[in-house]
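Asker: Sequence and predicted structure below; questions after.
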Amino acid sequence: MKKNKRILIVGGTGFIGFYLAKKCLSKKWTVVSFSKNIPRKVRYLKNVKYIKGDLSIKKDLEVLTQSFDYVVNLGGYVDHKNKEKTFSSHYVGCKNLSNFLINKNIKSFIQLGSSGEYGKIKSPQKEKSIGNPKSFYTRAKFLATNHLMGLYKKKEFPVTILRLYQAYGPKQDINRFIPIIIDACIKKKIFDCSDGKQFRDFVHVEDVVAAIIKSIENSEVKGEILNIGTGKPKKIKDIITFLVKRLKGGTPNFGKIKLRSDEMTKIYPDITKVKKFLKWSPKIKFTKGLEDTVRYYEKNKNKLSKIH
(Lines give C-alpha, C1' and ligand atoms only; values in the text may rest on other atoms or scores of the structure.)
Protein backbone atom coordinates (compact mmCIF):
# COMPACT_ATOMS: atom_id res chain seq x y z
CA MET A 1 0.00 0.00 0.00
CA LYS A 2 1.34 3.41 -0.97
CA LYS A 3 2.24 5.54 2.03
CA ASN A 4 0.79 9.05 2.26
CA LYS A 5 3.33 11.85 1.93
CA ARG A 6 3.88 13.89 5.08
CA ILE A 7 4.57 17.62 4.91
CA LEU A 8 5.52 20.09 7.63
CA ILE A 9 4.50 23.67 6.82
CA VAL A 10 6.26 26.15 9.06
CA GLY A 11 4.00 29.18 9.09
CA GLY A 12 1.01 27.09 8.06
CA THR A 13 -1.43 29.51 9.71
CA GLY A 14 -0.41 32.39 7.45
CA PHE A 15 -1.70 33.57 4.09
CA ILE A 16 0.43 31.39 1.81
CA GLY A 17 0.50 28.60 4.40
CA PHE A 18 -3.29 28.28 4.28
CA TYR A 19 -3.38 27.88 0.50
CA LEU A 20 -0.44 25.47 0.53
CA ALA A 21 -2.03 23.32 3.25
CA LYS A 22 -5.30 23.25 1.34
CA LYS A 23 -3.52 22.10 -1.83
CA CYS A 24 -1.57 19.41 0.04
CA LEU A 25 -4.77 18.06 1.61
CA SER A 26 -6.29 17.81 -1.88
CA LYS A 27 -3.31 15.58 -2.79
CA LYS A 28 -4.14 13.36 0.22
CA TRP A 29 -0.92 14.34 2.02
CA THR A 30 -0.70 14.42 5.81
CA VAL A 31 -0.27 18.08 6.77
CA VAL A 32 1.28 19.44 9.97
CA SER A 33 1.54 23.17 10.64
CA PHE A 34 4.14 24.62 13.03
CA SER A 35 3.49 28.26 13.88
CA LYS A 36 3.56 30.78 16.71
CA ASN A 37 -0.20 31.19 16.51
CA ILE A 38 -3.28 29.08 16.12
CA PRO A 39 -5.06 29.83 12.81
CA ARG A 40 -7.72 32.49 12.56
CA LYS A 41 -11.14 31.11 11.71
CA VAL A 42 -10.87 32.22 8.09
CA ARG A 43 -7.71 30.11 7.63
CA TYR A 44 -8.59 27.05 9.69
CA LEU A 45 -8.55 23.64 7.96
CA LYS A 46 -9.97 20.77 10.00
CA ASN A 47 -7.64 18.07 8.64
CA VAL A 48 -4.43 19.96 9.45
CA LYS A 49 -2.60 19.22 12.69
CA TYR A 50 -1.67 22.59 14.22
CA ILE A 51 1.33 22.79 16.56
CA LYS A 52 2.31 26.00 18.35
CA GLY A 53 5.97 26.89 18.58
CA ASP A 54 8.65 29.47 17.89
CA LEU A 55 11.47 28.66 15.44
CA SER A 56 13.85 31.01 17.21
CA ILE A 57 13.61 28.81 20.34
CA LYS A 58 15.43 25.52 19.67
CA LYS A 59 13.58 23.62 22.39
CA ASP A 60 10.21 24.34 20.72
CA LEU A 61 11.22 22.15 17.78
CA GLU A 62 11.49 19.08 20.01
CA VAL A 63 7.71 18.58 19.76
CA LEU A 64 8.21 17.58 16.10
CA THR A 65 8.82 13.92 16.84
CA GLN A 66 7.28 12.45 13.68
CA SER A 67 9.12 12.11 10.37
CA PHE A 68 8.36 14.21 7.29
CA ASP A 69 8.95 13.79 3.59
CA TYR A 70 8.81 17.50 2.87
CA VAL A 71 9.31 20.71 4.83
CA VAL A 72 8.32 24.19 3.63
CA ASN A 73 9.55 27.17 5.64
CA LEU A 74 7.15 30.10 5.38
CA GLY A 75 7.85 31.12 8.97
CA GLY A 76 8.90 34.46 10.39
CA TYR A 77 7.34 37.89 10.57
CA VAL A 78 8.23 41.52 10.02
CA ASP A 79 8.04 44.04 12.85
CA HIS A 80 9.76 47.30 11.91
CA LYS A 81 9.66 48.39 15.55
CA ASN A 82 11.46 45.27 16.71
CA LYS A 83 14.33 44.68 14.31
CA GLU A 84 16.09 42.11 16.48
CA LYS A 85 12.96 39.95 16.69
CA THR A 86 12.45 40.22 12.93
CA PHE A 87 16.05 39.20 12.31
CA SER A 88 15.83 36.33 14.77
CA SER A 89 12.59 34.91 13.37
CA HIS A 90 13.94 34.74 9.81
CA TYR A 91 17.63 33.95 10.23
CA VAL A 92 18.06 32.29 13.62
CA GLY A 93 14.75 30.47 13.14
CA CYS A 94 15.82 29.14 9.74
CA LYS A 95 19.17 27.97 11.15
CA ASN A 96 17.47 26.22 14.05
CA LEU A 97 15.00 24.48 11.75
CA SER A 98 17.53 23.32 9.16
CA ASN A 99 19.99 22.12 11.81
CA PHE A 100 17.18 20.22 13.53
CA LEU A 101 16.28 18.50 10.23
CA ILE A 102 19.78 17.84 8.92
CA ASN A 103 19.79 14.14 9.85
CA LYS A 104 16.05 13.48 9.49
CA ASN A 105 16.23 12.16 5.90
CA ILE A 106 13.73 14.62 4.46
CA LYS A 107 13.36 14.56 0.67
CA SER A 108 12.83 18.29 0.14
CA PHE A 109 13.18 21.55 2.07
CA ILE A 110 11.65 24.63 0.47
CA GLN A 111 12.71 28.01 1.84
CA LEU A 112 10.55 30.98 0.91
CA GLY A 113 13.01 33.78 0.31
CA SER A 114 12.40 37.41 -0.65
CA SER A 115 12.98 39.55 -3.71
CA GLY A 116 14.45 42.03 -1.23
CA GLU A 117 17.54 39.81 -1.03
CA TYR A 118 18.69 41.40 -4.29
CA GLY A 119 19.03 44.81 -2.68
CA LYS A 120 19.68 47.41 -5.38
CA ILE A 121 20.16 44.98 -8.27
CA LYS A 122 18.54 46.42 -11.39
CA SER A 123 15.41 44.73 -12.77
CA PRO A 124 14.76 42.29 -14.29
CA GLN A 125 16.57 40.64 -11.39
CA LYS A 126 18.36 37.35 -12.07
CA GLU A 127 19.16 34.60 -9.58
CA LYS A 128 22.89 34.70 -10.33
CA SER A 129 23.08 38.32 -9.11
CA ILE A 130 24.56 38.76 -5.63
CA GLY A 131 22.66 41.45 -3.78
CA ASN A 132 23.51 43.52 -0.74
CA PRO A 133 20.24 43.94 1.17
CA LYS A 134 20.16 46.55 3.92
CA SER A 135 16.97 46.11 5.96
CA PHE A 136 16.87 43.75 8.95
CA TYR A 137 14.26 41.59 7.22
CA THR A 138 15.94 41.28 3.82
CA ARG A 139 19.37 40.85 5.42
CA ALA A 140 18.01 38.01 7.57
CA LYS A 141 16.51 36.34 4.49
CA PHE A 142 19.80 36.75 2.61
CA LEU A 143 21.82 35.20 5.44
CA ALA A 144 19.29 32.35 5.74
CA THR A 145 19.76 31.64 2.02
CA ASN A 146 23.55 31.59 2.43
CA HIS A 147 23.29 29.25 5.43
CA LEU A 148 21.04 26.81 3.55
CA MET A 149 23.15 26.85 0.41
CA GLY A 150 26.15 26.09 2.61
CA LEU A 151 24.32 23.04 4.04
CA TYR A 152 23.51 21.90 0.51
CA LYS A 153 27.15 22.11 -0.57
CA LYS A 154 28.59 20.52 2.58
CA LYS A 155 25.94 17.94 3.45
CA GLU A 156 23.66 17.74 0.40
CA PHE A 157 20.76 19.16 2.40
CA PRO A 158 17.87 19.03 -0.15
CA VAL A 159 17.02 22.74 -0.19
CA THR A 160 15.44 24.92 -2.85
CA ILE A 161 15.15 28.68 -2.36
CA LEU A 162 12.11 30.40 -3.88
CA ARG A 163 12.58 34.17 -4.01
CA LEU A 164 9.08 35.57 -3.87
CA TYR A 165 7.91 38.91 -5.20
CA GLN A 166 4.53 40.42 -4.16
CA ALA A 167 2.01 37.67 -3.40
CA TYR A 168 -1.67 38.68 -3.29
CA GLY A 169 -5.13 37.12 -3.25
CA PRO A 170 -8.23 36.54 -1.10
CA LYS A 171 -7.69 36.08 2.65
CA GLN A 172 -4.46 38.12 2.69
CA ASP A 173 -3.78 40.07 5.88
CA ILE A 174 -5.56 43.40 5.93
CA ASN A 175 -2.27 45.27 6.53
CA ARG A 176 -0.83 44.45 3.10
CA PHE A 177 -0.87 46.85 0.13
CA ILE A 178 -3.82 45.59 -1.94
CA PRO A 179 -6.11 44.83 1.07
CA ILE A 180 -5.26 48.24 2.59
CA ILE A 181 -6.40 50.04 -0.57
CA ILE A 182 -9.50 47.84 -0.97
CA ASP A 183 -10.46 48.46 2.68
CA ALA A 184 -10.00 52.24 2.28
CA CYS A 185 -12.14 52.25 -0.86
CA ILE A 186 -14.91 50.14 0.70
CA LYS A 187 -15.00 52.53 3.68
CA LYS A 188 -14.77 55.57 1.36
CA LYS A 189 -11.76 56.95 3.22
CA ILE A 190 -9.34 59.67 2.24
CA PHE A 191 -5.95 57.94 2.36
CA ASP A 192 -2.34 58.99 1.94
CA CYS A 193 -0.08 57.24 -0.54
CA SER A 194 3.04 57.80 -2.60
CA ASP A 195 2.95 59.33 -6.08
CA GLY A 196 2.39 55.75 -7.28
CA LYS A 197 5.12 55.83 -9.91
CA GLN A 198 6.72 52.63 -8.61
CA PHE A 199 6.33 49.38 -10.53
CA ARG A 200 6.03 46.16 -8.53
CA ASP A 201 5.51 42.52 -9.49
CA PHE A 202 2.34 40.88 -8.14
CA VAL A 203 1.89 37.11 -8.27
CA HIS A 204 -1.31 35.33 -7.21
CA VAL A 205 -1.04 33.12 -4.13
CA GLU A 206 -2.36 30.07 -6.02
CA ASP A 207 0.45 30.45 -8.57
CA VAL A 208 2.92 30.68 -5.67
CA VAL A 209 1.57 27.43 -4.23
CA ALA A 210 1.85 25.74 -7.64
CA ALA A 211 5.53 26.73 -7.76
CA ILE A 212 6.11 25.36 -4.24
CA ILE A 213 4.50 22.01 -5.10
CA LYS A 214 6.52 21.71 -8.31
CA SER A 215 9.71 22.51 -6.36
CA ILE A 216 8.91 19.84 -3.78
CA GLU A 217 8.40 17.20 -6.45
CA ASN A 218 11.40 18.08 -8.65
CA SER A 219 14.74 16.66 -7.50
CA GLU A 220 16.64 18.68 -10.12
CA VAL A 221 16.08 21.99 -8.28
CA LYS A 222 17.93 21.03 -5.09
CA GLY A 223 20.60 23.65 -4.39
CA GLU A 224 18.92 26.16 -6.71
CA ILE A 225 17.52 29.67 -6.23
CA LEU A 226 14.40 30.41 -8.28
CA ASN A 227 12.50 33.68 -8.73
CA ILE A 228 8.74 33.46 -8.22
CA GLY A 229 6.91 36.33 -9.88
CA THR A 230 5.35 37.25 -13.21
CA GLY A 231 8.09 39.32 -14.82
CA LYS A 232 5.36 41.83 -15.71
CA PRO A 233 5.36 44.63 -13.12
CA LYS A 234 2.31 46.79 -12.48
CA LYS A 235 2.31 50.51 -11.78
CA ILE A 236 1.14 51.22 -8.23
CA LYS A 237 -0.87 54.28 -9.27
CA ASP A 238 -2.76 52.23 -11.87
CA ILE A 239 -3.74 49.64 -9.24
CA ILE A 240 -4.97 52.29 -6.81
CA THR A 241 -6.89 54.14 -9.56
CA PHE A 242 -8.53 50.91 -10.71
CA LEU A 243 -9.61 49.96 -7.17
CA VAL A 244 -11.06 53.42 -6.49
CA LYS A 245 -13.09 53.21 -9.70
CA ARG A 246 -14.10 49.56 -9.20
CA LEU A 247 -15.29 50.11 -5.62
CA LYS A 248 -16.74 53.57 -6.25
CA GLY A 249 -15.10 55.04 -3.18
CA GLY A 250 -11.86 56.15 -1.59
CA THR A 251 -9.85 59.29 -2.24
CA PRO A 252 -6.12 58.77 -2.67
CA ASN A 253 -3.78 61.56 -1.60
CA PHE A 254 -1.10 60.87 -4.21
CA GLY A 255 2.34 62.14 -3.26
CA LYS A 256 1.52 62.60 0.42
CA ILE A 257 3.91 59.81 1.39
CA LYS A 258 7.39 60.60 0.12
CA LEU A 259 9.50 57.85 -1.40
CA ARG A 260 12.86 57.10 0.17
CA SER A 261 15.67 58.69 -1.81
CA ASP A 262 17.16 55.25 -2.49
CA GLU A 263 13.87 53.51 -3.37
CA MET A 264 13.93 51.69 -6.69
CA THR A 265 11.22 52.63 -9.18
CA LYS A 266 10.99 49.21 -10.82
CA ILE A 267 11.35 45.86 -9.07
CA TYR A 268 10.54 42.68 -10.97
CA PRO A 269 12.16 39.31 -11.73
CA ASP A 270 13.57 37.48 -14.67
CA ILE A 271 11.65 34.18 -14.54
CA THR A 272 13.52 32.37 -17.33
CA LYS A 273 15.18 29.97 -14.89
CA VAL A 274 12.01 28.86 -13.07
CA LYS A 275 10.25 28.31 -16.40
CA LYS A 276 13.11 26.08 -17.51
CA PHE A 277 13.58 24.08 -14.30
CA LEU A 278 9.99 23.71 -13.12
CA LYS A 279 8.02 24.24 -16.34
CA TRP A 280 6.17 26.79 -14.18
CA SER A 281 4.76 30.13 -15.15
CA PRO A 282 1.95 32.15 -13.53
CA LYS A 283 -1.47 31.15 -14.82
CA ILE A 284 -3.75 33.71 -13.13
CA LYS A 285 -3.94 37.06 -14.92
CA PHE A 286 -3.65 40.06 -12.65
CA THR A 287 -7.01 41.49 -13.73
CA LYS A 288 -8.82 38.28 -12.76
CA GLY A 289 -6.83 37.78 -9.56
CA LEU A 290 -7.48 41.35 -8.47
CA GLU A 291 -11.20 41.07 -9.20
CA ASP A 292 -11.45 37.83 -7.19
CA THR A 293 -9.63 39.54 -4.32
CA VAL A 294 -11.94 42.56 -4.44
CA ARG A 295 -15.02 40.32 -4.38
CA TYR A 296 -13.72 38.44 -1.34
CA TYR A 297 -13.23 41.64 0.67
CA GLU A 298 -16.56 43.05 -0.52
CA LYS A 299 -18.31 39.90 0.67
CA ASN A 300 -16.59 40.05 4.07
CA LYS A 301 -16.49 43.84 4.51
CA ASN A 302 -18.47 43.86 7.77
CA LYS A 303 -16.14 41.48 9.58
CA LEU A 304 -12.70 42.16 8.08
CA SER A 305 -11.12 43.43 11.30
CA LYS A 306 -12.39 40.34 13.16
CA ILE A 307 -11.27 37.67 10.70
CA HIS A 308 -8.00 39.26 9.63
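Answerer: Everything's here; your move.

Asker: Quick one: mean pLDDT for stretch 281-291?
Answerer: Regarding stretch 281-291, the rounded mean pLDDT is 98.

Asker: End to end on that stretch, go ahead and measure it.
Answerer: For stretch 281-291, the first-to-last residue distance is 20 Å (C-alpha to C-alpha, to the nearest Å).

Asker: Give me the contact list for stretch 281-298.
Answerer: 168-172, 178-179, 182-183, 186, 202-204, 206-207, 210, 229-230, 232, 234, 239, 242-243, 246-247, 271, 274-275, 304 (C-beta atoms under 8 Å, 6 or more residues apart in numbering). (Each C-beta comes from the backbone N, C-alpha and C, glycine too.)

Asker: Filter those residues down to the buried ones, ChimeraX style.
Answerer: Here is the ChimeraX command that selects only those of these that count as buried (16 or more other C-beta atoms under 10 Å):
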select :168,169,170,171,172,178,179,182,183,186,202,203,204,206,207,210,229,230,234,239,242,243,247,271,274,304
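
Asker: Take the contacts of stretch 281-298 and keep only those in helices.
Answerer: Among these, DSSP state H puts 178-179, 182-183, 186, 206-207, 210, 239, 242-243, 246-247, 274-275, 304 in helices.

Asker: Closest one of these to residue 19?
Answerer: Lowest distance from residue 19 to these (C-beta to C-beta) belongs to residue 206, with 6.3 Å.

Asker: List the contacts of the closest one.
Answerer: Residues near residue 206 by C-beta under 8 Å, 6+ apart: 19, 169, 283-284.

Asker: how about a cut-off of 7 Å?
Answerer: Going by C-beta atoms under 7 Å, 6 or more residues apart in numbering, residue 206 touches 19, 169, 284.

Asker: repeat for residue 166
Answerer: Contacts of residue 166 by C-beta under 7 Å, 6+ apart are 200-203.

Asker: Now flag whichever of those residues is closest to residue 63.
Answerer: residue 203 (32.9 Å).

Asker: How about the closest one: which residues does it bridge to?
Answerer: Taking DSSP bridges as the rule, residue 203 bridges to residue 167.

Asker: So for it, what's the pLDDT?
Answerer: 98.

Asker: ok, now how distant is it from residue 280?
Answerer: 11 Å (C-beta to C-beta, to the nearest Å).

Asker: how's the protein carved up into domains?
Answerer: Listed domain ranges for the chain are 6-167+203-228, 169-201+232-261+284-307 (source: automatic domain parsing).

Asker: end to end, how far does the longest one reach?
Answerer: Using C-alpha to C-alpha, the span of domain 6-167+203-228 from its first residue to its last is 24 Å.
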